[in-house]
Structures are given as C-alpha cells and as structure tokens.
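**Student:** all I have is the shape, not the residue letters:
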C-alpha cells in the first residue's frame with residue numbers, strides 16, 4: 001500500500017495542473033492521505049500551473065515520557081463509569097459499571113472492576129490495564145474481552161489484528177450522543193470479526209472522558225453500552 005501511494009504521489013507531482021484541478025486534487029488528497037501514512041507526509045512540489053502544497057502530518061497522540069495516560073483514556077483513581085446496557089440476552093436495559101480501583105504511575109498499571117447487572121446476581125470481574133510502548137492493553141473489557149484498548153501512536157486509519165478481530169481507527173473527529181450528553185472530537189474504533197462474516201463491533205472514546213459507547217453485533221449476540229454518568233468517589 002505504501003509503495004503504491006508513494007508512486008501515485010510522485011506521478012501527480014510531475015503532472016501539470018490547472019488551478020481548479022489542483023484545488024480539487026488537494027481536497028481529495030486531504031481525504032485520502034490524512035493520518036494514513038506518516039512516511040509520505042511533507043512538502044510535495046507540483047510542476048506546471050499548480051502551486052506547492054504539503055500532505056499533512058498524521059495526527060499522532062504520543063504519551064509524554066511514556067506516561068500511562070492518554071487524552072482519550074484518562075486513568076483517574078476512584079472514578080466510576082455507569083453505562084446503560086442493552087443486550088439480545090435480556091429485555092429492556094440494565095446497568096453496567098466500571099470502577100478504577102488503583103493506579104500506579106510508576107508502573108503504568110491500573111486495576112479496574114467491571115460490574116454487569118445482567119443476571120439475578122451481578123457479575124463482577126476485576127481486570128487490569130497496562131501501558132506499553134505501542135498502546136494501552138486491557139486483560140478484559142466491557143464487551144470484547146482482552147484487547148489492545150488504545151493503540152499508540154494514534155492516528156486515523158491505524159489498523160491492527162487481534163485473533164479474529166481486525167481493528168481500525170476510523171475517525172478522530174467522531175460525534176456521538178449518549179445519555180451522558182453529546183461528545184465531539186471522539187476516537188472511533190471499528191472491528192470486523194472473522195473478516196466481517198462473524199460480525200462487527202465499534203467503540204468510541206471522548207477526549208478527557210474515556211469510553212462513552214461500545215457495541216457488538218455477532219452471530220450469537222448483540223450488546224450495546226452507552227455512558228450515563230461518571231462519579232468521583234472520595235475515600236477517607
């Protein structure tokens with residue numbers, strides 16, 4: 001993919017453009033190449049009637065000094081997220097909560113507790129999130145099990161594969177409305193299961209907030225959680 005894109009850029013850079021054609025091309029390039037390949041970002045000179053232009057650098061979120069905190073996944077001790085939980089496994093909506101229990105900045109390690117009120121007795125699971133050089137890894141998650149929660153560096157069209165899941169960052173400017181409110185400038189990650197034949201999933205992270213929405217549509221189940229509120233617990 002990188003080779004073909006670079007070849008395309010080289011060919012177009014040598015072509016003669018009229019001003020209207022160049023303007024149209026610049027818009028297309030912005031849509032196609034923005035945040036796609038950091039290797040080709042930089043100035044491109046057009047020979048002919050067009051002017052020089054630059055392919056924008058990818059929007060990259062890099063943690064400072066490898067700190068285990070990202071803009072879209074803040075790790076704050078004693079924070080509780082409450083979600084509205086709907087599923088094909090039960091009628092109506094129920095509650096799901098995630099509580100951040102303990103956080104070690106030195107080790108880049110966070111422990112969390114997931115409580116799903118989808119049974120007569122709530123299902124409780126403790127899990128952990130650990131920051132590594134290429135992202136934030138979770139030993140469990142609300143709907144997806146263990147996964148790379150947030151890849152780093154983070155840019156649009158970043159993709160990776162985990163087992164049967166093919167994941168891609170589809171947007172850094174997604175807008176969504178959930179019971180907790182409307183959030184803009186969100187990261188949206190889309191996953192295809194088994195190449196899409198076995199289902200799909202997506203999740204949305206709001207800046208300064210974290211996970212605000214997640215949905216799973218598989219062969220045997222459909223689940224959806226949407227953020228209702230965030231509470232800060234003060235423990236004496």
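**Tutor:** Perfect, I can see it now. Source: prediction; values computed, not measured.

**Student:** was I right about residue 171 contacting residue 184?
**Tutor:** No: counting by CB atoms under 8 Å, residue 171 stays clear of residue 184, with 11.0 Å between them. Using the backbone N, CA and C atoms, a C-beta is placed for each residue, glycine as well.

**Student:** do a quick rundown of the helices in this protein.
**Tutor:** 2-13, 19-33 (DSSP state H).

**Student:** worst mean pLDDT among those helices?
**Tutor:** Comparing mean pLDDT across the helices of the chain, the lowest value falls on helix 2-13: a mean of 42.

**Student:** report the contact partners of the nearest residue to residue 171 once chain neighbours are set aside.
**Tutor:** Spatial nearest neighbour of residue 171, excluding adjacent residues (CB to CB, 6 or more residues apart in numbering): residue 188 at 4.5 Å. Residue 188 sits next to 169, 170, 171, 174, 176, 202, 203, 204 when contact means CB atoms under 8 Å, 6 or more residues apart in numbering.

**Student:** and residue 119, how far is that from residue 133?
**Tutor:** 38 Å (CB to CB, to the nearest Å).

**Student:** what distance do you get for the nearest residue to residue 179 once chain neighbours are set aside to residue 173?
**Tutor:** Among residues not flanking residue 179 along the chain, residue 228 sits closest, at 4.6 Å (CB to CB, 6+ apart). Separation of residue 228 from residue 173 (CB to CB) stands at 24 Å.

**Student:** who's more crowded, these two?
**Tutor:** Between residue 228 and residue 173, counting by other CB atoms under 10 Å, residue 228 is the more crowded of the two (18 against 11).

**Student:** quick one: the more buried one and residue 191, what's the gap?
**Tutor:** Distance of residue 228 to residue 191, computed by CB to CB: 23 Å.

**Student:** cool, residue 122 as well?
**Tutor:** The gap separating residue 122 from residue 191 is 27 Å, by CB to CB.

**Student:** neighbour-wise, which of those two wins?
**Tutor:** residue 191 (20 against 13).

**Student:** the more buried one reaches residue 165, doesn't it?
**Tutor:** Yes: Residue 191 is in contact with residue 165 according to CB under 8 Å; the separation is 4.8 Å.

**Student:** need the overlap of contacts for those two.
**Tutor:** Counting by CB under 8 Å, 6+ apart, the shared contacts of residue 191 and residue 165 are 144, 201.

**Student:** strands of this structure, start to end?
**Tutor:** All strands of the chain, identified by DSSP state E, fall at 42-44, 53-55, 79-87, 93-104, 109-116, 123-132, 135-138, 147-151, 159-162, 165-178, 181-193, 199-206, 210-218, 222-232.

**Student:** what's the longest one in contact with?
**Tutor:** Contacts of strand 165-178 with the rest of the structure, by CB under 8 Å, 6+ apart, involve 35, 59, 84, 144, 147-148, 151, 154-161, 182-193, 195, 201-202, 204, 206, 212-213, 226-228.

**Student:** flag every buried residue along stretch 200-207.
**Tutor:** Applying a neighbour-count criterion of 16 or more other CB atoms under 10 Å, one finds 200, 201, 202, 203, 204, 205, 206, 207 buried in stretch 200-207.

**Student:** how is this structure divided into domains?
**Tutor:** Following automatic domain parsing, one finds the domains of the chain at 2-55, 64-232.

**Student:** which one of those domains has the lowest average pLDDT?
**Tutor:** domain 2-55 (a mean of 44).
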